[in-house]
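*Asks:* Sequence first, then the predicted structure, then my questions.
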Amino acid sequence: MNDIHGYLSADKDGPWRTMTEAAKRLGVTNHVIRKLIKDGILPANQVVDGAPNQNRTADLHSDKVKNALV
């Protein structure tokens with residue numbers, strides 16, 4: 001209707017992933033993804049307050065993230 005998107009990752013071929021998708025891709029739990037975001041290691045985007053965090057697929061494979069998971 002108003003072309004308002006609640007999730008950037010709605011397009012599964014797009015560059016954004018939900019926290020659950022990011023966790024699955026990295027083989028970790030959602031808790032680990034939350035900690036990476038909180039610690040400033042994994043950038044996240046929140047479309048609106050209260051909405052789930054979204055992560056760029058490219059950021060999941062950054063050296064910063066890889067080093068934090070070792």
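*Replies:* Yes, it's here. Numbering: from 1, shown residues only.

*Asks:* Just the buried positions in stretch 50-57, please.
*Replies:* Residues of stretch 50-57 classed as buried by neighbour count (16 or more other Cβ atoms under 10 Å): 53-56. In this view, the C-beta of every residue, glycine as well, is placed from N, C-alpha and C.

*Asks:* Now tell me which of those residues the prediction trusts least.
*Replies:* Looking at these, model confidence by pLDDT dips furthest at N53: 85.

*Asks:* That one against A44, yeah?
*Replies:* Yes - the criterion here is Cβ atoms under 8 Å, and N53 meets it with A44 at 3.9 Å.

*Asks:* Common neighbours of these two, please.
*Replies:* With contacts taken as Cβ atoms under 8 Å, 6 or more residues apart in numbering, N53 and A44 have I37 as neighbours in common.

*Asks:* Using TSV, lay out the buried residues of stretch 50-57 together with distance to L26.
*Replies:* Shown next, in TSV, are these (distance: Cβ to Cβ, whole Å):
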residue	distance to L26
N53	14
Q54	15
N55	10
R56	13
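
*Asks:* Nearest to P15 among these?
*Replies:* In terms of Cβ to Cβ, no member of the buried residues of stretch 50-57 lies closer to P15 than R56, at 5.4 Å.

*Asks:* where does this structure dip in pLDDT?
*Replies:* 1-12 (pLDDT under 70).
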